[in-house]
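In: Below are the sequence and a predicted model; questions follow.
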Amino acid sequence: MKQSSYSRLFPWQQVEKGQGFFVPCLDLENVRLKGLNEALSQRVFYAKAYPAVRNGLIGVWFYR
């Protein structure tokens, strides 16, 4: 199976239901779409993503 270059940035396989992770970025919509597409490619069907601020950094919060 071909591994995406984003699999390191979006650790969907390690995230269980009820957990999430934060990706700091400036282009929120682009990262949100790439993260959700990566979730689908890893067969994570109930992924959600919202813009967020964490520890003073702007980014996207992904969770299941």
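Out: Yep, that arrived. Residues are numbered from 1 along each chain as shown.

In: and residue 52, how many neighbours?
Out: 16 (other C-beta atoms under 10 Å). From N, CA and C alone the C-beta is placed, and that goes for glycine too.

In: For it, which non-adjacent residue is closest in space?
Out: Nearest residue to residue 52, sequence neighbours excluded (C-beta to C-beta, 6 or more residues apart in numbering): residue 61, at 4.0 Å.

In: Return the residues in contact with the one you found.
Out: 20-22, 49-52, 54 (C-beta atoms under 8 Å, 6 or more residues apart in numbering).

In: Correct me if wrong: residue 62 contacts residue 25.
Out: No: counting by C-beta atoms under 8 Å, residue 62 stays clear of residue 25, with 11.4 Å between them.

In: Counting neighbours, go ahead and name the busier of those two.
Out: residue 62 (26 against 18).

In: What pLDDT is listed against that one?
Out: For residue 62, the pLDDT comes out at 97.

In: check contacts around it.
Out: 10, 15, 20-23, 35-36, 39, 47-49.

In: Can you give me the distance of it to residue 40?
Out: 13 Å (C-beta to C-beta, to the nearest Å).

In: what touches both of the two?
Out: Joint contacts of residue 62 and residue 40 (C-beta under 8 Å, 6+ apart) are residue 47.
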